[in-house]
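Undergrad: test case, fold it:
(chains A and B)
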Amino acid sequence: EPEVTQTPSHQVTQMGQEVILRCVPISNHLYFYWYRQILGQKVEFLVSFYNNEISEKSEIFDDQFSVERPDGSNFTLKIRSTKLEDSAMYFCASSGTSLVNEQFFGPGTRLTVL
Amino acid sequence: ELKVEQNPLFLSMQEGKNYTIYCNYSTTSDRLYWYRQDPGKSLESLFVLLSNGAVKQEGRLMASLDTKARLSTLHITAAVHDLSATYFCAVDVYQGAQKLVFGQGTRLTINP
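TA: So this is what the prediction gives:
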């Protein structure tokens, strides 16, 4: 069964460093998303992406964040200068073109900022 | 701004008992999703509810949607330990782009 994959599973970085989180969405999906979940809290929407541009972004998704689909298969989230409060689990999701448009989530990347 | 509230947030119950988790949301939507999350794991899709009155069942779990009341329920019948997890409802907000707004989650612990 097709699934969303994410790498790395765990990333540890120093405050102020740049990180890139990678996702490979399900191959025939057209909509891509990033969500984050701070430990023990709810899942929060960051950004949606369609047709090579951002469709919507939340207040969390400020100038430090960017997304890209560099090669037609990967979907990346970049955080330019990480802060302690960026420590969280980051989930990538993708959805297709059906009316249901159910989002399928990847396994997540745990980002720890020291 | 859409708010999604679940209750209870924590639920400890015995095997064999029945219980219901409630999900209220604050604005019109006719798409609601239930996800299960095990500790340290990703979100597993359980149910997709697309219209008023929708009811879906899978094993010991049954979900329903009342769009007029802006309420969804997840009912657990004769709970077993394997159902211990955190359950999230999420409401689909389509305003030119889809995004899911999640409830806080209900941490369910089922004791033998």
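Undergrad: in the longest strand along chain B, what's buried?
TA: In chain B, taking DSSP state E as the definition, the longest strand is strand B:85-94. Residues of strand B:85-94 classed as buried by neighbour count (16 or more other Cβ atoms under 10 Å in any protein chain shown): B:85, B:86, B:87, B:88, B:89, B:90, B:91, B:92, B:93. The C-beta positions use only the backbone N, C-alpha and C, and glycine is treated the same way.
Undergrad: in this structure the fourth one contacts residue B:102, no?
TA: Yes: at 5.2 Å, residue B:88 and residue B:102 qualify as touching, with contact defined as Cβ atoms under 8 Å.
Undergrad: which residues does residue B:26 contact?
TA: Residue B:26 makes contacts with B:2, B:3, B:4, B:70, as judged by Cβ atoms under 8 Å, 6 or more residues apart in numbering or on different chains.
Undergrad: okay, the residues you listed in JSON lines with distance to chain A, secondary structure and pLDDT next?
TA: Converted to JSON lines, the contacts of residue B:26 look like this (distance: Cβ to the nearest Cβ, whole Å; DSSP: H, G, I helix; E, B strand; the rest coil; pLDDT from 0 to 100):
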{"residue": "B:2", "distance to chain A": "10", "secondary structure": "coil", "pLDDT": "85"}
{"residue": "B:3", "distance to chain A": "11", "secondary structure": "coil", "pLDDT": "92"}
{"residue": "B:4", "distance to chain A": "9", "secondary structure": "strand", "pLDDT": "95"}
{"residue": "B:70", "distance to chain A": "18", "secondary structure": "coil", "pLDDT": "92"}
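Undergrad: of the residues you listed, select the buried ones using a ChimeraX command.
TA: Restricted to buried positions by 16+ other Cβ under 10 Å, the ChimeraX selection for these reads:
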select /B:4,70
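Undergrad: related to what we said a few turns ago, hmm, the longest strand of chain B in reach of chain A?
TA: Yes: for strand B:85-94, a contact with chain A is found by Cβ under 8 Å from any Cβ of the partner chain, at B:88, B:90, B:92.
Undergrad: helices and strands around that strand, which ones?
TA: strand B:4-7, strand B:19-25, strand B:32-37, strand B:71-76, strand B:98-102, strand B:106-111 (3 or more Cβ pairs under 8 Å, 6 or more residues apart in numbering or on different chains; DSSP states H and E).
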